[in-house]
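1. have a look at this prediction, sequence included:
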Amino acid sequence: MAKIVTHFPRLIILQVMRILSGKEVVQARRKKIAEKVQQLKNNKGITPGLAVVLVGEDPASQVYVRNKAKACDEVGINSFEHKLPAETSADDLKKLIIELNNNKEVHGILVQLPLPKHLNTDEILQCIDPKKDPDALTTENMGLCWKGTPRVSACTPSGVMAILDYYKIEVAGKEAVVVGRSNIVGKPMAQLLLMADATVTLCHSKTKNLRKYTSQAEIVVVAAGRPLMLGKEDFKKGAVVIDVGMHRELIDGKTKLCGDVRFDELHDWVSAATPVPGGVGPMTITMLLENTFKLASF
Ligand SMILES: NC(=O)c1ccc[n+]([C@@H]2O[C@H](COP(=O)([O-])OP(=O)(O)OC[C@H]3O[C@@H](n4cnc5c(N)ncnc54)[C@H](OP(=O)(O)O)[C@@H]3O)[C@@H](O)[C@H]2O)c1
């Protein structure tokens, strides 16, 4: 019998990874926020106001607070900075928060975390009027989120959803894994993905065989706070990988920013991923501006 020999070269299908740039999303969204803020001023005479409370002199927190003030300024939101010494008592801090709760010019109150160790973070956060809680950290706002009727949603997870939306990444019906279950990132992230109709698995430090979950998911959001913890072998081919982690590490003798994921390994394997820096990081402040605007317009 004649043997048929084909001379076509074998097709190698390479996965081309899309880089999901938060910077691009920020540009598009901030322009819209500035327009809406201007409309609110024109139509109702309301200028949204954000009060940021910083206790102590943590250098990273000082940078974040400065950046928040600058971002507010860019979109026409008033910002009020309250810097308190590290030894401030819980009573004094609560007194300030209550004053801000009653201040009509303030629509959002953000207590910069982490707080010094002698202060009980949850006790302090619960003093914020839920109607002025742009990070959705009060019990009322967390409850509303889980009920599926959020007043506002936590800023960093909302930023992740904004990236998925901007890049038209379908979420409904997808298998999603969130690594990390903090109140500020992991839990609200799982809730937002659930609200967007994904099937969600929430993993944490006690999860046995983490890779079993991450390597089956179509969308993985990593917020474990562990530098460069996950790499190519932890993800399914064609997955979408969102890295929330943010670390300053000594790499090749230089201090560099990195995330929880070894981004360089992902090319030709996953379908899309966020870099660090330039991915989720820039989104958080933008969502804070959006939430402050929303709280001012209720
Ligand atoms: N880009 C931004 O704007 C932004 C905003 C906020 C946070 N971040 C970054 O995101 C990361 C997470 O922040 P966070 O505030 O959520 O941190 P966190 O409060 O320390 O929470 C970390 C979570 O990860 C889990 N975890 C730790 N090690 C793990 C492991 N080996 N396997 C699986 N899960 C593990 C922990 O589990 P347990 O609950 O069992 O301890 C915990 O739930 C940090 O790097 C932070 O800097 C970035």
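-> In hand now; what should we look at?
2. now residue 142, nearest residue through space, not along the chain?
-> Nearest non-adjacent residue to residue 142, counting by Cβ to Cβ, 6 or more residues apart in numbering: residue 136, 6.3 Å away. Using the backbone N, CA and C atoms, a C-beta is placed for each residue, glycine as well.
3. for residue 126, same thing?
-> Distance criterion Cβ to Cβ, 6+ apart; nearest residue to residue 126, sequence neighbours excluded, is residue 138 at 6.0 Å.
4. isn't the one you found right next to residue 132, touching?
-> No. Using Cβ atoms under 8 Å as the test, residue 138 is too far from residue 132 to be in contact (9.2 Å).
5. among those two, which residue is more densely surrounded?
-> Taking neighbours as other Cβ atoms under 10 Å, residue 138 and residue 132 compare with residue 132 leading, 23 against 20.
6. so that one touches residue 295, yeah?
-> Yes. Using Cβ under 8 Å, residue 132 makes contact with residue 295 at a distance of 6.2 Å.
7. what do those two both touch?
-> Counting by Cβ atoms under 8 Å, 6 or more residues apart in numbering, the common neighbours of residue 132 and residue 295 are 107-108.
8. which bits of the stretch 51-200 of the chain sit near the ligand?
-> The stretch 51-200 of the chain has residues 156, 179-182, 184-186 near the ligand, with proximity defined as Cβ under 6 Å from any ligand atom.
9. of the residues you listed, which is the nearest to residue 15?
-> residue 179 (21.7 Å; Cβ to Cβ).
10. list the buried residues of whichever strand or helix holds residue 91.
-> Using DSSP states H and E, residue 91 sits within helix 90-101. By 16 or more other Cβ atoms under 10 Å, the buried positions in helix 90-101 come out as 93, 96-97, 100-101.
11. check which element follows it along the chain.
-> Counting by DSSP H and E, what follows helix 90-101 is strand 108-111.
12. and the next helix or strand past that next one?
-> Counting by DSSP H and E, the next helix or strand C-terminal to strand 108-111 is helix 121-125.
13. in that following helix, what counts as buried?
-> 124-125.
14. centre of the chain to that helix, how far?
-> The chain centre lies 20 Å from the centre of helix 121-125; the measure is Cα atoms, centre = their mean, to the nearest Å.
15. so what secondary structure elements neighbour it?
-> The contact analysis (3 or more Cβ pairs under 8 Å, 6 or more residues apart in numbering; DSSP states H and E) places helix 121-125 against helix 90-101.
16. low-confidence ranges, the protein, go.
-> Along the chain, segments meeting pLDDT under 70 span 1-13.
17. tell me where it has strands.
-> Applying DSSP state E to the chain gives strands spanning 18-19, 49-55, 78-84, 108-111, 175-179, 199-203, 219-222, 240-243, 247-251, 254-258, 272-273.
18. excluding its backbone neighbours, what's nearest the residue nearest the centre of the chain?
-> Nearest to the geometric centre of the chain sits residue 156, at 1.4 Å (Cα atoms, centre = their mean). Take residue 156 and drop its neighbours on the chain: the residue closest to it by Cβ to Cβ, 6+ apart is residue 284, 4.8 Å away.
19. tally of neighbours for that neighbour?
-> Residues near residue 284, counting by other Cβ under 10 Å: 25.
20. was I right to think it contacts residue 157?
-> No. The pair residue 284 / residue 157 is not scored as a contact, 9.5 Å apart, by Cβ under 8 Å.
21. what's the single longest helix in this structure?
-> The single longest helix within the chain, with elements called by DSSP state H, is helix 22-44.
22. report the angle between that helix and strand 78-84.
-> Angle between the axes of helix 22-44 and strand 78-84 is 110 degrees (criterion: axes from the mean of the first three to the mean of the last three Cα atoms, to 10 degrees).
23. in CSV, list the C-alpha atoms belonging to stretch 144-158.
-> Only the C-alpha atoms of stretch 144-158 are listed here, as CSV (Å, rounded to 0.1, in the frame of the first residue of the first chain):
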residue,chain,number,x,y,z
LEU,A,144,-24.6,45.0,51.7
CYS,A,145,-21.9,43.7,49.4
TRP,A,146,-22.5,40.1,50.3
LYS,A,147,-26.2,40.6,50.0
GLY,A,148,-25.6,41.7,46.4
THR,A,149,-26.7,45.3,46.9
PRO,A,150,-23.5,47.2,47.5
ARG,A,151,-23.5,50.9,48.4
VAL,A,152,-19.9,50.9,47.2
SER,A,153,-17.4,48.0,46.8
ALA,A,154,-13.8,47.7,48.1
CYS,A,155,-11.5,49.8,46.0
THR,A,156,-8.8,47.2,45.0
PRO,A,157,-11.2,44.4,44.0
SER,A,158,-13.4,47.0,42.2
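24. sweet, I'm off.
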